[in-house]
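One predicted model, sequence on top.
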Amino acid sequence: ALGTTPLKGVPIPTGRHLLEIRLRDRPPARLPLLAWQGDAPRFEIALPSLHALGDDFVLVPGGPYLRGNDPEAMLPSPSGHVEVAAFAIARLPVTVRAYFDFLNALPPEVARQRAPRSMDGRALFAPDTGGRYHPGPDPDGDPWLGDWPITCVSFADAQAYAAWRGPQFRLPTGDEWEKAARGTDGRPFPWGHYIDPSFCSMRGSVPGDPLPQRVGHFEHDRSPYGVQDMAGGVREWTTEVFEAGQRCVRGGAFSLYALFCRAAGRFGAGERATLPNIGFRLAKTL
């Protein structure tokens, strides 16, 4: 325990640290810190109320993080220290169950257009006789459990879901996603520097054909801020433009190898693409 804020002149050993700030009736905040000899770090953190943050979101305090700087990552952003304002991000990706709740709140024709689709645009699910969508087998016989991450939805579908949730919800930017996954010290994976298939939902994590796992299943896949499933699970839409007509998707996936699980990696997907390993999570501006 370093004491009660405001703290002044507190010595911090050189190296990586994780500070936790607590205040009664407020959710705790985590602040990863990389301290070099001679550094005099200064920071201020405004702790949002639990109502403003939400039960399923975590705070990522404002400040710089080390972007890119991973020669083994695929197509990383230019390296450098980048300032990112405080924001909140969902602890877990949006699930099949949550997305189907969204479909069931839409007019039937709109729901049909937003429902999961194959890469060639074929509908993967049909509503029941009452017009409602339910998790279940797709045409290939794969089960699509309610606590799987949603996939096969486009960038526009993800934005529509965020708008349905409320005006404070949105998709994360590329820098927000990368900072939430890596913290501030440039680590290649959310947990550190070494990867094993048992650490996240990637190819080889489970026997048999690669299929999604329930969100949050892999405890190791957790960033310094407490965000889960950012190395594996599903790739995720961000608002960052990759090139004309494409958005950046970030993170690894249940169907991909370790090379693609590095947090600095970026990949481009057409805004209308509905791929079986791309989903999304929400963010909020604070």
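Alright, I've got the coordinates. On a predicted model such as this, the values are computed, not experimentally measured, just so you know.

residues touching the residue nearest to A52 when sequence neighbours are not counted, list them.
The shortest distance from A52 to any residue other than its chain neighbours is 6.9 Å, reached at L286 (Cβ to Cβ, 6 or more residues apart in numbering). No exception for glycine: its C-beta is placed from N, CA and C like everyone else's. Contact partners of L286, counting by Cβ atoms under 8 Å, 6 or more residues apart in numbering, are A46, P48, A52, L53, L59, A86, F87, A88.

of all the residues you listed, which comes closest to P107?
Nearest to P107 among these: A88, at 30.2 Å, using Cβ to Cβ.

so where do the helices sit in this structure?
50-53, 96-104, 108-114, 155-165, 174-182 (DSSP state H).

what's the closest of the ones you listed to G38?
Closest among the helices of the chain, using Cβ to Cβ: helix 174-182, at 23.8 Å.

Could you list the low-pLDDT ranges of this structure?
Residues of the chain meeting the criterion pLDDT under 70: none.

Looking at it, which strand is longest?
Longest strand of the chain, by residue count under DSSP state E: strand 235-243.

ok, that one: who's next to it in the sheet?
strand 246-250 (antiparallel), strand 278-279 (parallel) (DSSP bridges).

which of these is buried the deepest?
strand 278-279 (a mean of 27; mean count of other Cβ atoms under 10 Å).

Can you give the distance of that strand from its chain's centre?
10 Å (Cα atoms, centre = their mean, to the nearest Å).

The chain should start at 51 in everything you say after this.
Yes, from this point I'll number from 51; that puts the last item at strand 328-329.

which residues sit against it?
Here strand 328-329 has contacts from 143-144, 199-203, 283-287, 299, 303, 319, using Cβ under 8 Å, 6+ apart.

Sketch out the strands for the chain, chain order is fine.
Going by DSSP E, the chain shows strands at 65-71, 79-85, 107-110, 113-117, 130-134, 137-140, 219-220, 285-293, 296-300, 316-320, 328-329, 333-335.

Output the ones you listed in CSV, with distance to D192 appended to each entry.
What follows is the strands of the chain, written out as CSV (distance: least, Cβ to Cβ, whole Å):
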stretch, distance to D192
strand 65-71, 38
strand 79-85, 36
strand 107-110, 30
strand 113-117, 36
strand 130-134, 37
strand 137-140, 24
strand 219-220, 29
strand 285-293, 18
strand 296-300, 21
strand 316-320, 21
strand 328-329, 15
strand 333-335, 29
